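>>> Model the following, please.
(3 chains)
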Amino acid sequence: MLHNSKCSNLLLYGKTGTGKTATAKYVLQKFQFTAKTHNKKTNVAYSNARLAGSEYRVLTDLAQSLNIKIPFTGLPLSEVLNRILNKISEDSLMIIFIIDEIDYLTKHSSDDILYLLTRSSEQTNNGFLSLIGISNDLQFKEFLDPRVLSSLSEEEIVFPPYTVEQLREILSERAKEAFIENSITSASINLCAALAGTEHGDARRAVDLLRVAGELAEREGAKQVDENHVRLAIKKVDQDRVTEAIRLLPLHEKITLLSISLLNEINSTGEVYSKYVNLCKNIGIEPLTQRRISGLLNELDLLGLISTNIINKGRHGRTKKITSLVTNTIINTIINEDSMLNNLTKTV
DNA sequence: CCTCCACTGGAAACCTAGGCTC
DNA sequence: GAGCCTAGGTTTCCAGTGGAGG
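Here you go, the predicted model:
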């Protein structure tokens, strides 16, 4: 890029917490610094496909980082892309666009924009757009349009999971920065590493664990972070992840989840649905159809909040067996925070 | 071996909110 | 301002399904 030529697209993949995003951002930060010293104008844009939620919003993210104003709805995708490409041509911009969790696009919508983006350089006279795709899903390549794949994976880097030993080193380094000397035992660090290591070597989780353990120790005024704090921390970290996930659910998914928690043990789609309809009537909102709820149940399953598997009960038909993976108290507390739903839990 | 339940999940139609053009 | 277009969410429609009970 420093020689004004388009660089290869790049595909990074590996499990969560192996440092893909952090590495990409760090390297690009260094790169931009170098580019600046050479008086090159470069742009780095970032979008997380899962958080953005749709193709349109991924493109909006890109447009915004180029200071192009895009309405949040109303434009055809191709128009959004055209505006971006025009801007690139006009200002001869050199752009690296990171699409994080790119696998989300292929699973939840079509990968049309990936195709358009990879071909974009043919439509610009000056400037160019290079892509960095980041995927957690190792198999996502199989679902990708072969034309997109060959273009996107001009270069590939696989991030293997960290070993427990590597995690231990990362944590020791981190602890040196964050903790007062001797305030954390090496046994605690080892335990953090071991606990995070059993869950496919997720460094983000390991660092979280260390931080939470530290906070717990601090709160109770302990002089040292010991292994008990770590054990408490792992529970808290797990729980926080779940509560956050529930808090962000759209209204109808919250109601669906509440319905499941109000029924006992194992439920069928039909039972959950009639409970759900009841709750909706209770608070005076229009219930969605069963077909839609069936879809929402799949989404909750994907989020790991419930587990479903399809069972055949012979003459009694075929249904999903639905179990909640979250305790009712947690669901209740969080649903209570929702102003539309809090009198629902009261009446129940 | 056949039936038939209670769904599942794909496909297409429909709806809404918004932008663009004339 | 009318008439058109789009994306994204939802509804409508329906063929398909595996095995308990006949």
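>>> measure the residue in chain A that DNA strand B sits nearest to to A:Leu297 for me?
Going by CB to the nearest atom of the strand, DNA strand B is nearest to A:Gly317 of chain A, at 1.7 Å. The C-beta positions use only the backbone N, C-alpha and C, and glycine is treated the same way. A:Gly317 is 16 Å from A:Leu297, where distance means CB to CB, to the nearest Å.
>>> Compare these two (neighbour count), which wins?
A:Leu297 (22 against 10; other CB atoms under 10 Å).
>>> by contact count, what packs against the strand or helix carrying the more buried one?
A:Leu297 is located in helix A:290-302, with elements delineated by DSSP states H and E. Here helix A:290-302 touches helix A:251-262, helix A:269-282, strand A:306-312, strand A:318-324, going by 3 or more CB pairs under 8 Å, 6 or more residues apart in numbering; DSSP states H and E.
>>> by how many degrees do the third one and strand A:318-324 diverge?
Right, the one you point to is strand A:306-312. Angle of strand A:306-312 versus strand A:318-324, following axes from the mean of the first three to the mean of the last three CA atoms, to 10 degrees, is 160 degrees.
>>> Do strand A:306-312 and DNA strand B come into contact?
Yes - contact of strand A:306-312 with DNA strand B (CB under 7 Å from any atom of the strand) involves A:Ile310.
>>> Give the partner strands of that strand in its sheet and their orientations.
With DSSP bridges as the test, strand A:306-312 is paired with strand A:318-324 (antiparallel).
>>> tell me which residues of the strand it pairs with are tucked away?
For strand A:318-324, burial by neighbour count (16 or more other CB atoms under 10 Å) applies to A:319-320, A:322, A:324.
>>> got the angle for it vs helix A:269-282?
60 degrees.
>>> need the contact list for the residue lying closest to A:Asp137 once chain neighbours are set aside.
Using CB to CB, 6 or more residues apart in numbering and skipping the chain neighbours, the partner closest in space to A:Asp137 is A:Asp103 (4.2 Å). Contacts of A:Asp103 were listed using CB atoms under 8 Å, 6 or more residues apart in numbering, and they are A:49, A:135-137, A:140, A:143.
>>> Including pLDDT, could the residues you listed go into CSV?
CSV is the format used below for the contacts of A:Asp103 (pLDDT from 0 to 100):
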residue, pLDDT
A:Ala49, 87
A:Ser135, 90
A:Asn136, 86
A:Asp137, 81
A:Phe140, 77
A:Phe143, 72
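>>> Which ones among the residues you listed map onto strands?
Among the contacts of A:Asp103, DSSP state E puts A:Ser135 in strands.
>>> one step back: which one of the buried residues of strand A:318-324 is nearest to A:Lys20?
For these, the closest approach to A:Lys20 (CB to CB) belongs to A:Ser324, at 31.7 Å.
>>> helices or strands next to the longest helix seen in chain A in the packing?
Of all segments of type helix in chain A, defined using DSSP state H, the longest is helix A:227-247. Judged by 3+ CB pairs under 8 Å, 6+ apart, the packing partners of helix A:227-247 are helix A:186-198, helix A:203-219, helix A:328-337.
>>> For DNA strand C, give me its nearest residue in the stretch 1-150 of chain A.
A:Ser54 (2.5 Å).
>>> go on, chain A?
For chain A, CB to the nearest atom of the strand, closest residue to DNA strand C: A:Gly314, 1.7 Å.
>>> can you list the weak-confidence ranges in the stretch 201-348 of chain A?
A:345-348 (pLDDT under 70).
>>> Spell out which parts of the stretch 151-300 of chain A neighbour DNA strand C.
Going by CB under 7 Å from any atom of the strand, the residues of the stretch 151-300 of chain A near DNA strand C are A:250, A:252, A:286-289, A:291-292, A:295.
>>> Please indicate which of those residues are buried?
A:252, A:287-288.
>>> Would you map the strands across the stretch 1-150 of chain A?
All strands of the stretch 1-150 of chain A, identified by DSSP state E, counting those that start in this stretch, fall at A:10-14, A:42-48, A:94-100, A:128-135.
>>> List the buried residues in the longest helix of chain A.
Quick answer for helix A:227-247 (16+ other CB under 10 Å): A:229-230, A:233-234, A:237, A:242-243, A:246.
>>> And those residues, which is closest to A:Ser120?
Of those, the one sitting nearest to A:Ser120 (CB to CB) turns out to be A:Ile246, at 38.7 Å.
>>> The closest residue to A:Arg205 other than its chain neighbours - how many residues pack around it?
Nearest residue to A:Arg205 in three dimensions, chain neighbours excluded: A:Ala196, at 4.8 Å (CB to CB, 6+ apart). Counted with other CB under 10 Å, residues neighbouring A:Ala196 total 28.
>>> how near is the most centrally placed residue in chain A to A:Leu302?
Closest to where the C-alpha atoms of chain A average out (CA atoms, centre = their mean) is A:Arg50, at 5.6 Å. The gap separating A:Arg50 from A:Leu302 is 11 Å, by CB to CB.
>>> Please apply the same query to A:Asn282.
From A:Asn282 to A:Leu302 the distance is 27 Å (CB to CB).
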